[in-house]
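[1] Whatever this is, show me its structure:
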Amino acid sequence: MTVNTTVTVRVPAKVNLQLAVGPGREDGFHDLVNVFHAVSLFDEVTVKEARSRRPSPPGGDGSVVAELTAGGGLGSHLSRVPLDASNLAARAAVLVAERTGKGFPVTVHLDKNIPVAGGMAGGSADAAAALVACDRLWGAGLSREALLDCAAELGSDVPFALVGSTAVGTGRGEVLSPMASPGRFRWVFALSPHGLSTARVFREYDRIRPDAPPPSLDPALAGALALGDPAAVGAALTNDLQEAALSLLPELERTLGTGRGAGALGALVSGSGPTCAFLVGGGPEDAAVVAEREASVVAALEGSGLCEQVVTAHGDVPGAVVL
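    As a prediction, the model looks like this:
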């Protein structure tokens, strides 16, 4: 029997094609209808047995501690990544140990290519990857349902990072249903030099929209995805948090306008921001037409002086995968 000594899991970023936000709940969350779409910006999380054996962090099971390190390319704000027991990936390792009674001290390296504090669920993705990696490293044998349950305990966006593809999340976003989306779509992402706290954006949303209605899935978006029609998908992109993100970081309005003016089929702030997402084509469109439109949008954004970096990706892609 082969014993794993190191496990690496690749996990994608997400963009929200629709983020409908209801009023605040008594538990501090909001009811959501959240159409997740996984895109080809990936973090890789590597877990291996730790050489040192330090005391477990508060809340641990007394035997498991995750020592974290981080590096990477597109994850520009690495200083904002906590490398202690508060990190979701570290909490994921401890949770697997608590649920299964297995485990030993591990080091967790986060190779970050998902923007940090960018509204693309990089921290949640890392947590999902750590769940899968620790389960495999320790031979814990958690079922898919058990992994999803652990993911939901860690955070609202973590379950989708396990699943990937395109799905609608309800409740606080953790209850997932797959959506038909046969098209391959091309995206351009404008990475901001600034970060936005998700909690701060939700507080601003509550201030701006204190009487938000219950959220519901947009049938136009669902139909456009089922047809793989990029123009119709672009026209249906919506994000209830966008107004709050623009209130806190007004320059994002100029970023969105720049991409739209250069030919993007649709544009929105991704999640709580500040990353801006631009749909530039896909589906049945001629590849040369899509490539020309993509190049136009990239050039306009790079020349705007508004972006720290501009990157391209496609979607949808699978969720967490062991490499």
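[2] contacts, neighbours, all on C-alpha from now
    OK.
[3] For Gly122, see how far away Arg80 is.
    12 Å (Cα to Cα, to the nearest Å).
[4] Of these two, which one has the most company?
    Using other Cα atoms under 10 Å as the criterion, Arg80 and Gly122 rank with Gly122 on top: 27 against 11.
[5] Name all residues that make contact with the more buried one.
    By Cα atoms under 8 Å, 6 or more residues apart in numbering, the contact list for Gly122 reads Ala13, Asp43, Lys112, Ile114, Pro115, Val116.
[6] The protein: strands as residue ranges?
    6-24, 30-49, 66-72, 106-112, 166-170, 175-178, 185-191, 238-239, 266-269, 276-282, 309-315, 321-322 (DSSP state E).
[7] Let me know the angle separating the fourth one from strand 66-72.
    So the one you mean is strand 106-112. Counting by axes from the mean of the first three to the mean of the last three Cα atoms, to 10 degrees, strand 106-112 lies at 20 degrees to strand 66-72.
[8] could you give the angle of strand 106-112 to strand 30-49?
    Going by the same axes, to 10 degrees, strand 106-112 makes 120 degrees with strand 30-49.
[9] So which residues make contact with strand 106-112?
    42-50, 64-75, 89-90, 122, 126, 130.
[10] again with the fifth one
    The list of residues contacting strand 166-170 from outside it, by Cα under 8 Å, 6+ apart, reads 31-38, 160, 175-181, 316.
[11] quick one: strands adjacent to it?
    Strands that pair with strand 166-170, judged by DSSP bridges, come out as strand 30-49 (antiparallel), strand 175-178 (antiparallel).
[12] what about the residue nearest in space to the middle of the chain, distance to Ala288?
    The centre of the chain sits closest to Ala121, judged by Cα atoms, centre = their mean, with a distance of 2.6 Å. Separation of Ala121 from Ala288 (Cα to Cα): 31 Å.
[13] what sits against Asp43?
    Arg10, Val11, Pro12, Ala13, Leu110, Asp111, Lys112, Asn113, Ile114, Gly122, Ala125, Asp126.
[14] one more time with 10 Å, if that's ok
    By Cα atoms under 10 Å, 6 or more residues apart in numbering, Asp43 lies in contact with 9-13, 72-75, 110-115, 122-123, 125-126, 129, 320.
[15] Could you find the closest non-adjacent residue to it?
    Here the nearest residue to Asp43 in space, its sequence neighbours aside, is Lys112; by Cα to Cα, 6 or more residues apart in numbering that works out to 4.7 Å.
[16] Distance-wise, check the one you found relative to Cys150.
    Distance from Lys112 to Cys150, by Cα to Cα: 22 Å.
[17] neighbour count winner among the two?
    Using other Cα under 10 Å, the more surrounded residue of Lys112 and Cys150 is Lys112, with 25 against 21.
[18] which ones are touching the residue lying closest to Ala262 once chain neighbours are set aside?
    Spatially, and ignoring its direct neighbours in sequence, Ala262 is nearest to Val297 (5.0 Å; Cα to Cα, 6+ apart). When contacts are counted by Cα under 10 Å, 6+ apart, Val297 touches 187-190, 258-264, 278-280, 291, 303, 310.
[19] distance of Val297 from Thr258?
    8 Å.
[20] shared neighbours of these two, anything?
    Shared contacts of Val297 and Thr258, defined by Cα under 10 Å, 6+ apart, are found at Ala264, Gly303.
[21] Show me what counts as buried in stretch 184-200.
    Neighbour-count burial for stretch 184-200 flags Arg184, Phe185, Arg186, Trp187, Val188, Phe189, Ala190, Leu191, Ser192, Gly195, Leu196, Thr198 (criterion: 16 or more other Cα atoms under 10 Å).
[22] now do stretch 239-247
    Across stretch 239-247, burial judged by 16+ other Cα under 10 Å covers Asn239, Asp240, Leu241, Gln242, Glu243, Ala244, Ala245, Leu246, Ser247.
[23] Also stretch 293-303?
    Buried-residue list, stretch 293-303, by 16+ other Cα under 10 Å: Arg293, Glu294, Ala295, Ser296, Val297, Val298, Ala300, Leu301, Glu302.
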